[in-house]
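**Q** build me a model from this:
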Amino acid sequence: MRKSTLVLATAAVLPFSLAACTEKTTASDGDIVVTATDDSCDVSATTGTTGSSTFQVTNNGSKVTEFYVFAEGDRAMGEVENIGPGLTRQLIVSLPEAATYQLACKPGMVGTGIRQDFVVTGDSQAATDESGQLTEAADGYRRYIRSQIVALQDTAAQFVAAVQSGNVDQAKALFPIARTYYERIEPEAESFGELDPKLDLREADLEPGQVWTGFHRLEKDLWVTGLQPDTNAVADQLLEDIQYLADQVNAEDYTIDPTKIAGDAQGLLDEISTSKITGEEDIFSHTDLWDFQANVDGSQAAIAALNPILQERNPELAQRIADRFADLDAALAQFRVGDGFVYYDTVTEAQRQELSRKIDALSAEVSQVQEVVAGQ
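**A** Numbering: from 1, shown residues only. The predicted structure follows:
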C-alpha cells in the first residue's frame, strides 16, 4: 500500500479516465492549479466542463502528499501519488459526464484527505473507438483483474484456514502467495474508497484510534506477537473485505478506462519504489520480493493489454518497455529459491540499489504510456 513518507529516485472507455501523471513545473492556460500544504488544499477553480481537466499539483508542505479526483461513492477516477515537498506533478482526468466530483489532497498520504467539490457541467463527451483497440484493451484487462480475484479468494481462504487452525508454519508459507494476487491488482482496490487500507494498511501508518485489519496485522501476529484473541476475527474480516472487492470488480457495470490501465501500470511500479524497496512493506516477514514480483507482473499485464495501441502509436516506446521489463525480471530471478524468493533482509544494500535503478529506468518509460493512450 502506498502510504510511505519516503520518496525514491462503456464500450470503448469508462465515463471517467486518468490520462497523464508526469512531472511538470509550469501550468498552461486552462490548467487548474492545486497548491497543497500539510493542512490545506487550495484549488484555482472549483468548476469545469465535460472533457479533460488538467491539474498542476504543487506540494508546498513538509510531507509527501497525494491528489485525487473522486466520483460518487469515493471511486477514484484519477490520482497522482508520492508528491514530495517542493515538487509539482501533472494529472489529466477525462470527465465526459456532468456531475459533482470531489478533489482531495492527502498530506502524509493518510486519511480521507482535505476535500472540496468540483462541479462539471456540459454535454456528454463520450469517447469514440473506431478501431476497437480501446474496447479490446479494457475488456482484456478486466478479464485479468477478475482472474486474479478468483485466485486471491482461493489462496486467501487457504491462508485464513491455516491461521484459524493454529498452523502457523503453513500460514507463514501461504502469506506471500495470497498477497501475490492482491499486489498484482492493488490499484483497482484503491479505487473503492477505504478498501485498500482495510486490506493492506501497515502498522506504521495507523492513525490514533484506527482499528488495524488486513494482511499486515496478521503478518505481525504470525511473525512477532503470536496469535492473539482477535486474530481469527481479523482473518474473517480479511475474507469479507476480499469478497467486497470481488463483488465490485465482478459487477456488470464494472468497466475500466484504458488510460487508467496505464496509470495502474505506473502505480504498481511506484508501489515498489516508494515503500517496498526499503523493506518497510513486509517488515515482519521480509517477504517483500514476492510483492516486488507481483507488482511487476501486474504492471506487465496492464502494458500487455495496451500493447496493440502502443505498437500502432509508438512502437519504439513499446520495445523499450519490453526490454526494461526483461531486464528487471532477470534481476529479480537471481533472488528466486524454488517457487519463492529469499527473504528481503538477506538482500544487501548494493543489491537493493541496483534493483531500484532498474525499477526507475522502467518507470521512466512506463510513465509515457498514459499520454500515448490518451492521444496527447
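**Q** all contacts plus neighbour counts: C-alpha atoms, from now on.
**A** Noted.
**Q** which element is residue 58 on?
**A** strand 51-59 (DSSP states H and E).
**Q** tell me the angle the helix or strand following that strand makes with strand 51-59.
**A** Counting by DSSP H and E, the next helix or strand C-terminal to strand 51-59 is strand 65-71. Interaxial angle, strand 65-71 versus strand 51-59 (axes from the mean of the first three to the mean of the last three Cα atoms, to 10 degrees): 160 degrees.
**Q** just use 816 as the starting number from now, easier for me
**A** Sounds good: first residue 816 from here, last item strand 880-886.
**Q** can you map out the helices along the stretch 966-1115 of the chain?
**A** Here the stretch 966-1115 of the chain has its helices, by DSSP state H, counting those that start in this stretch, at 983-998, 1001-1004, 1010-1015, 1030-1035, 1046-1064, 1073-1086, 1103-1128.
**Q** re the thing from before, neighbouring strands for the strand holding residue 873, and are they parallel or not?
**A** Applying DSSP bridges to the sheet, strand 866-874 is found paired with strand 847-851 (parallel), strand 903-910 (antiparallel).
**Q** coming back round to it: most tightly packed of the helices of the stretch 966-1115 of the chain?
**A** helix 1073-1086 (a mean of 26; mean count of other Cα atoms under 10 Å).
**Q** can you give me the offset of that one from its chain's centre?
**A** 7 Å (Cα atoms, centre = their mean, to the nearest Å).
**Q** do the same with stretch 913-924
**A** The answer for stretch 913-924 is 16 Å, by Cα atoms, centre = their mean.
**Q** stretch 1180-1191 now?
**A** Using Cα atoms, centre = their mean, the offset of stretch 1180-1191 from its chain centre is 17 Å.
**Q** repeat that for stretch 917-928.
**A** 15 Å.
**Q** distance to residue 1178 and mean pLDDT added to the helices of the stretch 966-1115 of the chain, as a markdown table?
**A** Output for the helices of the stretch 966-1115 of the chain, formatted as a markdown table (distance: least, Cα to Cα, whole Å; pLDDT from 0 to 100):
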| stretch | distance to residue 1178 | mean pLDDT |
| --- | --- | --- |
| helix 983-998 | 17 | 98 |
| helix 1001-1004 | 16 | 90 |
| helix 1010-1015 | 23 | 94 |
| helix 1030-1035 | 26 | 98 |
| helix 1046-1064 | 26 | 97 |
| helix 1073-1086 | 6 | 88 |
| helix 1103-1128 | 10 | 96 |
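**Q** out of these, which is closest to residue 1160?
**A** helix 1103-1128 (9.1 Å; Cα to Cα).
**Q** quick one, the closest one and helix 983-998 angle?
**A** Using the same axes, to 10 degrees: helix 1103-1128 against helix 983-998 is 20 degrees.
**Q** quick check: mean pLDDT across the helix or strand just after helix 1103-1128?
**A** Helices and strands here follow DSSP H and E; after helix 1103-1128, the next one along the chain is helix 1130-1148. In this model, helix 1130-1148 has a mean pLDDT of 97.
**Q** so which residues make contact with helix 1130-1148?
**A** Applying Cα atoms under 8 Å, 6 or more residues apart in numbering, the contact partners of helix 1130-1148 are 1104, 1108, 1111, 1115, 1122, 1125-1126, 1170, 1173-1174, 1176-1177, 1180-1181.
**Q** so residue 1010 versus residue 1175, what's the distance?
**A** 28 Å (Cα to Cα, to the nearest Å).
**Q** just residue 1129 next, same as before
**A** In terms of Cα to Cα, residue 1129 sits 20 Å off from residue 1175.
**Q** who has more neighbours out of those two?
**A** Neighbour count, other Cα atoms under 10 Å: between residue 1129 and residue 1175, residue 1175 has more, with 19 against 15.
**Q** so for the host helix or strand of the more buried one, what gets flagged as buried?
**A** Element membership for residue 1175 (DSSP H and E) is helix 1164-1181. Neighbour-count burial for helix 1164-1181, with 16 or more other Cα atoms under 10 Å as criterion, is recorded at 1170-1171, 1173-1178, 1180-1181.
**Q** could you say what helices and strands it packs with?
**A** If you count contacts as 3 or more Cα pairs under 8 Å, 6 or more residues apart in numbering; DSSP states H and E, helix 1164-1181 packs onto helix 1073-1086, helix 1130-1148.
**Q** how far does the last one sit from its chain's centre?
**A** Right, the one you point to is helix 1130-1148. On Cα atoms, centre = their mean, the centre of helix 1130-1148 falls 20 Å from the chain's centre.
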